[in-house]
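Student: okay, sequence plus prediction incoming.
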Amino acid sequence: METQTSEAEKEMREWCVALPKVELHAHLNGSVRNSTLLELAKELGDKGAIVLEDVKDVIMKNDRCLPECVRLFDLFHILTTDHDTVTRIAKEVVGDFAAENVVYLEIRTTPKNNEAKGITKRSYMNAVVKGHKSVEDVDALLNNEKLSCTPMSDLGGDTKRKKIYVRLLLSIDRHETTSAALDTVNLAMEMKDQGVIGIDLSGNPVVGEWETYLPALEHAKELGIPTTIHCGEVPNRKEIQAMLDFCPQRLGHVCCLDDEEWKKLKSSVIPVEICLTSNVMTGGTPSLERHHFADLYNAKHPLSICTDDCGLFSTSLSNEYYLACNSSGLSKTELFRLAQGAVEFVFADDEVKKSLRAVFERAAAERLTS
Ligand SMILES: CC(C)=CCNc1ncnc2c1ncn2[C@@H]1O[C@H](COP(=O)(O)O)[C@@H](O)[C@H]1O
Ligand SMILES: [Zn+2]
């Protein structure tokens, strides 16, 4: 019996890996492999810039609580903020997502200034783009230039060389000032032709005030740049209501809403980026079984399954699909339709959407035989 269960689990896990997937909520630094973080920590330890023993445990841990995640956020900024390292991780992360048949990836990152290291928000982002351009093992489609020479039916699949659309969202960190947030929005506008297609608001959810970021988010709206906002990771009634009133193109998490806010969210029809493991590990939800995914799914609310930080939370998008299926008893067809539905919420243009729709249609014909 046990063997049967594990065989069924194995088959379902493999099915989730083979499924073409769209990732809409992944932070660059949170998606770095633990092995890379450790390697970087060792290098900095050797140089005397950090004490390796102080950080080793938190890097190697698989189940991190919220304070440990916040500690790791600070560590990322020490470990990964030099141009070459940023380029390296940007490259690795794309390869990792493509390897599990993610066909469209919106990766978000906070452009960082570090005067001492000669880093500006712009040079940081240039290093990210350089990393994406240097992906070798898969075809990373970074903007529409390459689209015409890429037969859409070639995306995904496990026998051919993998192809993946990669787009960038620039994150405003909750520690930032209004002026720094505005700089990020202006940078997004400047880098439109390099695959930057949206703005995110993220960072430690107990830090900062909504009013600080609002001018930048309004500016993005005026410029026609889509926004996605981390919302309700912790209870904060006033802020959650203001975020819903702002009406971004997408919302992340939405864990700690009260009855009135749930109603408001559902009537808004704003697509939600669901991050199961992240919410369980950081305490946004009490357990997988009691996660709001099932309620929103049953209410037919627009949803997309995402990882948030696959490195930080030791997960993958395939694993998140597996968990969604397992915790809510979805059939393969329902899970497939969930993955396919995410295409409609991408920030990329219609040509990309059309191409992704074709990928899923082809996959449906191949994979949904029953
Ligand atoms: C602690 C916690 C609630 C984690 C889960 N969810 C998150 N909530 C808010 N901001 C996040 C989360 N995960 C990553 N980030 C943001 O993404 C950054 C890492 O990616 P990057 O440096 O922007 O490339 C973090 O420093 C943080 O600002
Ligand atoms: Zn996030």
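Tutor: Good, I have the coordinates. Numbering: from 1, shown residues only. Ligands and ions are numbered 1, 2, ... in the order given.
Student: for this protein, give me the ranges with low pLDDT.
Tutor: In the predicted model of the chain, residues 1-4, 145-159, 370 satisfy pLDDT under 70.
Student: how much space separates the residue nearest in space to the middle of it from Tyr104?
Tutor: Among the residues of the chain, Ala26 comes closest to the average C-alpha position under C-alpha atoms, centre = their mean, at 1.6 Å. For Ala26, the distance to Tyr104 (C-beta to C-beta, to the nearest Å) stands at 11 Å. To be clear about C-beta, it is placed using only N, CA and C from the backbone, and glycine gets the same treatment.
Student: kindly report the same for Thr369.
Tutor: From Thr369 to Tyr104 the distance is 24 Å (C-beta to C-beta).
Student: more neighbours, those two?
Tutor: Higher neighbour count among Thr369 and Tyr104: Tyr104, with 26 against 7, using other C-beta atoms under 10 Å.
Student: how far away is the more buried one from Glu136?
Tutor: 20 Å.
Student: what residues does the protein have near ligand 1?
Tutor: Applying C-beta under 6 Å from any ligand atom, we find that the chain lies next to ligand 1 at 27-30, 66, 69-70, 73, 76, 109-110, 171, 173, 202-203, 205, 230, 233, 278, 282, 308-309.
Student: would you map the strands across the stretch 101-250 of the chain?
Tutor: Secondary structure of the stretch 101-250 of the chain (DSSP state E, counting those that start in this stretch): strands at 102-109, 139-141, 163-173, 196-202, 227-231, 250-253.
Student: reformat these as TSV; add distance to Leu330.
Tutor: Output for the strands of the stretch 101-250 of the chain, formatted as TSV (distance: least, C-beta to C-beta, whole Å):
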stretch	distance to Leu330
strand 102-109	19
strand 139-141	30
strand 163-173	25
strand 196-202	28
strand 227-231	24
strand 250-253	20
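Student: before we move on, the earlier item: buried residues, the helix or strand encompassing the residue nearest to the centre of the chain. List them.
Tutor: Using DSSP states H and E, Ala26 falls within strand 21-27. For strand 21-27, burial by neighbour count (16 or more other C-beta atoms under 10 Å) applies to 21-27.
Student: then stretch 264-275?
Tutor: Quick answer for stretch 264-275 (16+ other C-beta under 10 Å): 264-265, 270-275.
Student: go on, stretch 340-349?
Tutor: Buried residues in stretch 340-349, counting neighbours by 16+ other C-beta under 10 Å, are found at 340-343, 345-348.
Student: again with stretch 199-208
Tutor: Burial within stretch 199-208, assessed by neighbour count using 16+ other C-beta under 10 Å, is assigned to 199-205, 208.
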